[in-house]
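[1] sequence and predicted structure, then a few things I'm wondering about:
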Amino acid sequence: MKRKHFESHLQQMVQTHAFPKPQIQLEQYPTPIALAAELVWTADQEYEDLEEATVLDIGCGTGVLSIACALMGAEHVVGMEIDDGGLQIAKENIEFAELEDTIDLVQADVLQGPRGHWRRKGDNVHPFDVVIMNPPFGTKNNEGIDMAFLQRGIEYAQQSVYSMHKTSTRDYILKTLQKWGHDEVEVVAEMKFEVPKMYRFHKDKSRDIEVDLIRIDLS
Amino acid sequence: MLQCHVKGCKQGYPLQIKVSTSRDAKQESERDFNPEFLERMFHRIDWTGLLHAKEALGIEGDLPATAPDEFGQLNASEQQTLHHLLMEVEMVEGELVCPGCGLEFRVRSGIPDMRLPEDSLEK
């Protein structure tokens, strides 16, 4: 399968691609299909991270990334999301794509942390092979939330974490990860993220934001 | 939802499963038996939690009281039971109860709500 074929396949498998009532405090933007395809394609084709893997999608929103992973051959995907509206759409999307057997949803607040859930004390077994996320960028009165997502991801993943961040924050993110002891971090793609006019404070019709796709190697 | 090796079996103190008494509270489906996958998952399973889950969900079949070192040491019927429990059974309606503090997490339409109430965060 070719990259563009995968993208159009993904497009067809996603029924609803918008939040019915976007909530600004959660920074809800739908992950563009092209970005989801890029992340999953890179993870599979370049790093062979997805075949038969268990995957956690932190802040899964409408479930686009989870669906992309399942289509690419992940054995089991868990989508974690705090918002009822997002979860409802995700559930419908997963049913539409007939991926109920592969993808499970959990309602949880990423910031509340694992508190023992999904983690065994005292050993180094992490519940998921791979963690993927399109975290909030942390620009709307929730500074640092992107790093909190990353921190969770690293706790849950055995092998690798994939995440998207504003290119303008690259230095900060790489430096912080290094401080946490992660040197094996790569910017694996640079992409443009089109933010449509969704909220009242948006002046322009839509705006392109430059986004890095990063991969943290934990193996 | 205990089909999910992650949720049910991963807690240091496995959540107790209470399946709702309504008719469609539990769903069973069929998935291909994938021994390679189970083999890799095997070491991530909290065996006590798994046995609790099996009982709570009313799943038939044999499983040893303690986990062997390797997946391959389970006999064929035990392997099938594990496959069924992990991959094919889902709790749709019910609660997950923390054996430590008694906190209940509701499961609705197959989605467990793991959000913690505000007052439990201050501890």
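    Alright, I've got the coordinates.
[2] which residue ranges of chain A form helices?
    A:3-13, A:33-41, A:64-71, A:84-96, A:145-156, A:170-179 (DSSP state H).
[3] what's the closest of the ones you listed to chain B?
    helix A:84-96 (6.2 Å; C-beta to the nearest C-beta). For glycine as for every other residue, the C-beta is placed from the backbone atoms N, C-alpha and C.
[4] tell me which stretches of chain A form strands.
    Remark: strands assigned in chain A by DSSP state E are A:54-58, A:76-81, A:103-107, A:128-133, A:157-166, A:185-196, A:206-217.
[5] packing partners for the last one?
    I take that to be strand A:206-217. helix A:33-41, helix A:145-156, strand A:157-166, helix A:170-179, strand A:185-196 (3 or more C-beta pairs under 8 Å, 6 or more residues apart in numbering or on different chains; DSSP states H and E).
[6] now do the first one and strand A:54-58, the angle between them.
    Okay, so that is helix A:33-41. 150 degrees (axes from the mean of the first three to the mean of the last three C-alpha atoms, to 10 degrees).
[7] report the angle between the axes of helix A:33-41 and helix A:3-13?
    Using the same axes, to 10 degrees: helix A:33-41 against helix A:3-13 is 120 degrees.
[8] over to the last one?
    Between strand A:185-196 and helix A:3-13, the angle comes out at 50 degrees (the same axes, to 10 degrees).
[9] nearest residue to the middle of chain A?
    A:Met133 (1.8 Å; C-alpha atoms, centre = their mean).
[10] strand partners of the helix or strand of chain A with the lowest mean pLDDT, parallel vs antiparallel please.
    None of the helices or strands of chain A scores lower by mean pLDDT, DSSP states H and E than strand A:185-196, at a mean of 86. Strand pairing for strand A:185-196, using DSSP bridges, gives strand A:206-217 (antiparallel).
[11] quick check: mean pLDDT of the strand it pairs with?
    The pLDDT scores in strand A:206-217 average 89.
[12] next one: stretch B:109-117
    For stretch B:109-117, the per-residue pLDDT averages 85.
[13] list the buried residues in it.
    By neighbour count on 16 or more other C-beta atoms under 10 Å in any protein chain shown, the buried set for stretch B:109-117 is B:Gly110, B:Ile111, B:Pro112, B:Asp113, B:Met114, B:Leu116.
[14] point out where chain A drops to low pLDDT.
    Chain A contains residues with pLDDT under 70 at A:24, A:113-125, A:139-141, A:196-205.
[15] strands of chain B, start to end?
    B:16-19, B:26-28, B:89-91, B:94-97, B:104-108, B:111-112.
[16] quick one: A:Glu75 and A:Leu99 touch, right?
    No: A:Glu75 is beyond contact range of A:Leu99, at 11.9 Å (criterion: C-beta atoms under 8 Å).
[17] list the contacts for B:Arg31?
    A:Asp101, B:His83, B:Met87, B:Glu88 (C-beta atoms under 8 Å, 6 or more residues apart in numbering or on different chains).
[18] can you flag which of the residues you listed belong to helices?
    B:His83.
[19] now distance to A:Arg207 too, for the contacts of B:Arg31, in TSV please.
    Shown next, in TSV, are those (distance: C-beta to C-beta, whole Å):
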residue	distance to A:Arg207
A:Asp101	38
B:His83	49
B:Met87	43
B:Glu88	46
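[20] as JSON lines, the helices and strands packed on strand A:206-217 with mean neighbour count would be great.
    Below are the helices and strands packed on strand A:206-217 laid out as JSON lines (neighbours: other C-beta atoms under 10 Å in any protein chain shown):
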{"stretch": "helix A:33-41", "mean neighbour count": "23"}
{"stretch": "helix A:145-156", "mean neighbour count": "21"}
{"stretch": "strand A:157-166", "mean neighbour count": "22"}
{"stretch": "helix A:170-179", "mean neighbour count": "14"}
{"stretch": "strand A:185-196", "mean neighbour count": "15"}
